[in-house]
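**Student:** Provide a 3D model corresponding to the input given below.
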Amino acid sequence: MELTFKILELDERDAVKMYSEILENEELSNEERSELKRILEDELIHEHTLAE
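**Tutor:** Sure thing, here's the model as predicted:
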C-alpha cells in the first residue's frame, strides 16, 4: 500500500509541475488561467493530503 501512495504522490508532483508550466503560457485567456489555477490548487491539496 505504501508503494501505491508513493506512486500517486509522484503523479501529483508531475501534474503540479505540468500545470505550473502551462500557466506561464501568455496565450491563455483570463478564463483559462483562472480555471488552471483552480486545478493547480486542487492538485496541491491532493499532494499535501497524500504526504500526510
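
**Student:** got phi/psi on residue 24?
**Tutor:** phi -80, psi -10 (degrees, to the nearest 10).

**Student:** what's the distance between the most centrally placed residue in the chain and residue 23?
**Tutor:** The C-alpha lying nearest the average C-alpha coordinate of the chain belongs to residue 16 (C-alpha atoms, centre = their mean; 2.9 Å). The gap separating residue 16 from residue 23 is 10 Å, by C-beta to C-beta, to the nearest Å. All C-beta spots, glycine's among them, are computed from the backbone N, C-alpha and C.

**Student:** same check, this time on residue 11
**Tutor:** Look at residue 11 and residue 23: by C-beta to C-beta, they are 18 Å apart.

**Student:** same question for residue 12.
**Tutor:** 16 Å.

**Student:** higher neighbour count, these two?
**Tutor:** Taking other C-beta atoms under 10 Å, residue 12 and residue 23 do not tie; residue 12 has more neighbours (19 against 14).

**Student:** thought the more buried one was touching residue 45?
**Tutor:** No. The pair residue 12 / residue 45 is not scored as a contact, 9.7 Å apart, by C-beta atoms under 8 Å.

**Student:** before we move on, the earlier item: any idea what sits nearest the residue nearest to the centre of the chain, other than its immediate chain neighbours?
**Tutor:** residue 43 (4.9 Å; C-beta to C-beta, 6 or more residues apart in numbering).

**Student:** residue 33 now?
**Tutor:** With C-beta to C-beta, 6+ apart as the criterion, residue 33 has its nearest non-adjacent residue at 6.7 Å, and that residue is residue 23.

**Student:** output the below-cut-off pLDDT ranges for this structure.
**Tutor:** For the chain, the stretches with pLDDT under 70 are 1-10, 47-48, 50-52.

**Student:** for it, what spans make up the helices?
**Tutor:** Along the chain, counting by DSSP state H, helices occupy 2-23, 30-51.

**Student:** and the last one, C-alpha only, in PDB?
**Tutor:** What follows is helix 30-51 as a C-alpha-only set of coordinates in PDB (Å, rounded to 0.1, in the frame of the first residue of the first chain):
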ATOM      1  CA  ASN A  30      -8.100  35.000 -18.200                       C
ATOM      2  CA  GLU A  31     -10.800  32.400 -18.000                       C
ATOM      3  CA  GLU A  32      -8.400  29.600 -18.900                       C
ATOM      4  CA  ARG A  33      -5.800  30.900 -16.500                       C
ATOM      5  CA  SER A  34      -8.400  31.100 -13.600                       C
ATOM      6  CA  GLU A  35      -9.500  27.500 -14.300                       C
ATOM      7  CA  LEU A  36      -6.000  26.300 -14.500                       C
ATOM      8  CA  LYS A  37      -5.100  28.000 -11.200                       C
ATOM      9  CA  ARG A  38      -8.100  26.200  -9.600                       C
ATOM     10  CA  ILE A  39      -6.900  22.800 -10.900                       C
ATOM     11  CA  LEU A  40      -3.400  23.600  -9.700                       C
ATOM     12  CA  GLU A  41      -4.700  24.400  -6.200                       C
ATOM     13  CA  ASP A  42      -6.600  21.100  -6.200                       C
ATOM     14  CA  GLU A  43      -3.500  19.200  -7.200                       C
ATOM     15  CA  LEU A  44      -1.500  20.900  -4.400                       C
ATOM     16  CA  ILE A  45      -4.200  19.900  -1.900                       C
ATOM     17  CA  HIS A  46      -4.100  16.300  -3.100                       C
ATOM     18  CA  GLU A  47      -0.300  16.300  -2.900                       C
ATOM     19  CA  HIS A  48      -0.400  17.600   0.700                       C
ATOM     20  CA  THR A  49      -3.100  15.100   1.700                       C
ATOM     21  CA  LEU A  50      -1.100  12.200   0.300                       C
ATOM     22  CA  ALA A  51       2.100  13.400   2.100                       C
END
